[in-house]
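Asks: Below: sequence and its predicted model.
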Amino acid sequence: MPLLLPAPLVQFCDANGRPFAGGSIAFYTWGTSTPKDTWSDNGGTTLNTNPVVLDAAGRALIFGNGDYRAVLKDADGNLIYDQWTSSVISDAMQPVVRAATIADALNLLGVTAAIQTETDRATNAESTLTTNLNNEITRATNEETNLQNQINTLTGGGSTAILPAGYSFRFGNVVSDSSGNFSGTFSPPFPNACDSIVTTCGHHVWGGIQSLTAGGFTGLTSSPLFGGTWGGGPQGVYWMAIGH
């Protein structure tokens with residue numbers, strides 16, 4: 001919306017409204033005695049004298065940048081005041097204030113560019129994240145497929161486990177003599193080796209196996225597992241072996 005314009009010429013008057021004709025006003029960096037420039041044009045190309053000499057109406061055209069210490073004196077050099085003043089808006093902000101639209105102001109402040117930079121960064125990060133997620137989904141899916149294939153191989157696609165290729169089962173019963181020695185023969189023998197054997201006697205795992213080969217096994221019933229010798233040949237003792 002339109003705003004009230006300040007007077008383009010600054011006028012300095014006394015308490016009775018009489019201008020300080022021929023007076024002067026000096027400008028310094030605020031809080032110091034270091035002179036600070038002012039200008040007679042808004043482009044900042046024409047420097048004022050320092051102090052600025054007021055005309056017959058006590059007026060002067062003064063453009064500044066930032067904070068100032070202003071020292072006003074009358075035509076006789078008497079001090080009128082020594083005060084702080086400010087342009088309110090610095091050189092850096094003037095283009096923004098003078099921008100025709102908010103969009104122009106945002107561009108001048110660099111906000112639009114910063115938003116675009118952040119948008120581009122977020123878009124690229126999202127794209128990278130999406131790619132990584134898709135790659136992980138693909139990897140996990142492939143692993144699941146591979147695992148399912150292995151399960152299907154072990155179960156034959158059903159619910160009962162079978163052995164991988166090259167492995168097989170052997171079943172039989174234990175042969176035992178009166179001294180407690182027992183043995184079993186794999187028929188036919190495993191091509192390479194027997195990997196595992198379980199012997200049972202009722203609900204016990206049969207212990208004392210001393211030799212295990214691709215063709216069979218031998219052992220004693222006097223294993224510490226049982227703490228005694230079973231002579232005369234145990235009945236109902238069977239074995240199950242897995243080999244390759």
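Replies: Ah, there it is.
Asks: how would you label Leu133: helix, strand or coil?
Replies: Three-state assignment for Leu133 (DSSP: H, G, I helix; E, B strand; the rest coil): helix.
Asks: go on, the one 10 residues further on?
Replies: With three-state DSSP as the basis, the three-state label of Glu143 is helix.
Asks: so what's it up against?
Replies: Contacts for Glu143 were tallied using C-beta atoms under 8 Å, 6 or more residues apart in numbering; there are none. In short, each C-beta sits where N, CA and C put it, glycine included.
Asks: Report how many residues lie close to Ala114.
Replies: Using other C-beta atoms under 10 Å, Ala114 has 11 neighbouring residues.
Asks: ok, now Ala99?
Replies: Using other C-beta under 10 Å, Ala99 has 15 other residues around it.
Asks: go on, Asn16?
Replies: 5.
Asks: repeat for Trp84
Replies: A total of 10 residues lie near Trp84 under the criterion other C-beta under 10 Å.
Asks: got a list of what Leu58 touches?
Replies: Rather than Leu, residue 58 is Gly. Taking C-beta under 8 Å, 6+ apart as the test, what Gly58 contacts is 11-13, 19-21, 23.
Asks: one more time with 10 Å
Replies: Taking C-beta atoms under 10 Å, 6 or more residues apart in numbering, we find Gly58 in contact with 9-14, 18-23, 25, 72, 74-75.
Asks: Show me which of these are buried.
Replies: Among those, those classed as buried by 16 or more other C-beta atoms under 10 Å are 12, 19-20, 23, 25, 72, 74.
Asks: Give me the sheet partners of the helix or strand in which Tyr81 is found and which way each runs.
Replies: Element membership for Tyr81 (DSSP states H and E) is strand 79-86. Here strand 79-86 is paired, per DSSP bridges, with strand 67-73 (antiparallel).
Asks: Pull the residues that contact the strand it pairs with.
Replies: For strand 67-73, the surrounding residues in contact (C-beta under 10 Å, 6+ apart) are 12, 20, 23-38, 51-52, 54, 58, 62, 64, 78-88, 90.
Asks: and if you look at stretch 15-24?
Replies: Stretch 15-24 is contacted by residues 11-14, 49-60, 71-78, 80 when judged by C-beta under 10 Å, 6+ apart.
Asks: For that stretch, give the mean pLDDT please.
Replies: On average, the pLDDT along stretch 15-24 is 94.
Asks: Can you give me the end-to-end span of that stretch?
Replies: One end of stretch 15-24 to the other measures 17 Å (C-alpha to C-alpha, to the nearest Å).
Asks: how distant is it from the center of its chain?
Replies: Its chain's C-alpha centre and that of stretch 15-24 lie 66 Å apart, by C-alpha atoms, centre = their mean, to the nearest Å.
Asks: out of the contacts of Gly58, which are inside strands?
Replies: Counted as lying in strands by DSSP state E, out of these, are 10-11, 25, 72.
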